[in-house]
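*Asks:* okay, here's the prediction I keep looking at, along with the sequence it came from:
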Amino acid sequence: MEQKLESYFKSLNLGTVSGVTELKDGNSSNHNNYKVVTSQGIFVARVTKPGDLLGYTNLSDEYTILKLVERYNIGPKAIHIDLENFENPILIEEFLDGISYLKISTATEDMLEKTIDLLVATSKVGLGFEQFPFKFTYTTFQTNFKVWMTRMEEIKKTLGDGNQILTDFNSVIDSTKEILIKKDALLTSAPKEFIYNDIHPGNLFWLPREGKTKFIDWQKVSLGNPAFMISLFARRFFAYFWGMDEKEFAAKVIKSYQDKKQVRGFEELFYASMLERAVSDMIWSVWADVKKGVAVKISKADESQYYKEAITLMSGM
């Protein structure tokens with residue numbers, strides 16, 4: 001791959017390549033990332049894996065989105081895309097001179113505030129269907145109900161109708177539906193905002209020289225729920241960076257976000273969104289094992305961290 005990238009970058013007049021390094025942390029199921037150092041700068045080459053048609057489409061969408069959001073300075077600049085002339089579809093982006101949160105053990109108060117600044121700035125991206133054909137919208141909490149039940153049916157075929165995991169999961173699902181249906185009027189009347197969907201430590205980069213945080217991997221974006229991104233951020237993925245438990249971290253995130261931006265009914269939407277995501281993850285974690293044809297990792301419902309999270313959230317609603 002190094003020689004192929006050297007030749008390709010030369011053909012694009014992007015400088016003489018002096019080094020190519022595979023970025024293991026950035027690889028996904030549908031593409032590989034390479035850091036390419038040239039005489040003109042440092043770039044990331046995102047190369048779709050052979051035969052992955054979804055990766056082909058996602059890469060094209062990512063290029064379009066990055067161009068549309070470039071003026072907001074919330075992600076890398078898209079330099080070039082080629083869906084035909086490299087050995088596989090390739091997207092060339094600016095290399096972000098920073099560190100992934102995957103490699104951070106503790107973070108400062110300033111890093112937290114700058115990360116929430118990123119979430120606020122992202123929510124203000126002014127894109128609608130006229131500019132980009134969004135595949136997903138989060139405009140009602142009932143969006144995922146059908147997905148939940150379809151996946152539960154697939155789980156039932158593997159675990160059996162009387163399995164206690166199914167019984168316990170269905171009890172949580174039924175209670176969650178009741179709660180979210182009551183919250184739906186608030187969500188449907190809320191402003192529809194731009195959403196970066198894939199918030200996790202591997203997709204957040206702290207850039208010390210700029211003193212800010214940016215997202216990488218822009219293949220998943222949507223429109224809708226103004227509390228969706230911040231609730232994803234507040235869940236268990238990030239609290240440990242700032243030495244807080246989840247409840248304390250959620251309260252701190254809510255306060256900081258509301259200091260920067262006001263949304264009617266935000267706190268209510270925030271906790272409803274956390275519950276919806278917890279139940280979605282609860283189901284997905286077992287369904288993913290079923291789809292892979294491997295043994296389900298839990299033997300009872302309360303071994304699922306997402307099940308316990310959902311129970312805790314419901315108790316406060």
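*Replies:* Structure's in. What do you need?
*Asks:* buried set for the helix or strand bottoming out on mean pLDDT in the chain?
*Replies:* In the chain, the helix or strand scored least confidently by mean pLDDT, DSSP states H and E is helix 53-69, which has a mean of 86. Residues 55-66, 68-69 are the ones in helix 53-69 that count as buried (16 or more other Cβ atoms under 10 Å). For glycine as for every other residue, the C-beta is placed from the backbone atoms N, C-alpha and C.
*Asks:* I'd like those residues laid out as a markdown table, including distance to residue 245.
*Replies:* Listed next are the buried residues of helix 53-69 as a markdown table, based on distance: Cβ to Cβ, whole Å:
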| residue | distance to residue 245 |
| --- | --- |
| 55 | 38 |
| 56 | 42 |
| 57 | 40 |
| 58 | 35 |
| 59 | 39 |
| 60 | 41 |
| 61 | 37 |
| 62 | 35 |
| 63 | 40 |
| 64 | 40 |
| 65 | 35 |
| 66 | 36 |
| 68 | 38 |
| 69 | 33 |
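*Asks:* related to what we said a few turns ago, average pLDDT for the helix or strand that comes right after the least confident helix or strand of the chain?
*Replies:* The C-terminal neighbour of helix 53-69 among helices and strands, as given by DSSP states H and E, is strand 78-82. Per-residue pLDDT over strand 78-82 has a mean of 96.
*Asks:* state the next helix or strand along the chain beyond strand 78-82.
*Replies:* strand 90-94.
*Asks:* packing partners of the helix or strand that that next one is followed by?
*Replies:* Using DSSP H and E, the helix or strand that follows strand 90-94 in sequence is strand 99-100. Identification of packing neighbours for strand 99-100 by 3 or more Cβ pairs under 8 Å, 6 or more residues apart in numbering; DSSP states H and E yields strand 204-207.
*Asks:* pLDDT at residue 2, what is it?
*Replies:* 86.
*Asks:* list the contacts of it.
*Replies:* Applying Cβ atoms under 8 Å, 6 or more residues apart in numbering, one finds that residue 2 lies in contact with 17, 20.
*Asks:* separation between it and residue 40?
*Replies:* 17 Å (Cβ to Cβ, to the nearest Å).
*Asks:* what of residue 296?
*Replies:* Residue 296 is 51 Å from residue 40, by Cβ to Cβ.
*Asks:* if you count what's nearby, which of these two comes out ahead?
*Replies:* residue 296 (17 against 13; other Cβ atoms under 10 Å).
*Asks:* pLDDT weak spots in the chain?
*Replies:* Where the chain drops to pLDDT under 70, the residues are 25-29, 52-56.
*Asks:* where along it do the helices fall?
*Replies:* With helices called from DSSP state H, the chain shows them at 2-11, 53-69, 109-123, 145-159, 164-189, 228-234, 246-260, 266-292, 305-315.
*Asks:* using CSV, write out every CA atom in the third one.
*Replies:* Spelled out, that is helix 109-123. What follows is helix 109-123 as a C-alpha-only set of coordinates in CSV (Å, rounded to 0.1, in the frame of the first residue of the first chain):
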residue,chain,number,x,y,z
GLU,A,109,-11.6,21.0,32.9
ASP,A,110,-10.7,23.1,29.8
MET,A,111,-10.8,20.0,27.6
LEU,A,112,-14.3,19.3,28.9
GLU,A,113,-15.5,22.8,28.1
LYS,A,114,-13.9,22.8,24.7
THR,A,115,-15.5,19.4,23.9
ILE,A,116,-18.9,20.8,24.9
ASP,A,117,-18.1,23.8,22.7
LEU,A,118,-17.7,21.3,19.8
LEU,A,119,-21.1,19.8,20.5
VAL,A,120,-22.7,23.2,20.6
ALA,A,121,-21.0,24.3,17.4
THR,A,122,-22.0,21.0,15.6
SER,A,123,-25.6,21.4,16.7
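*Asks:* got the contact list for it?
*Replies:* 72-74, 193-196, 204, 206, 211-215, 226, 229-230, 233, 241-242, 252-253, 256-257, 260-261.
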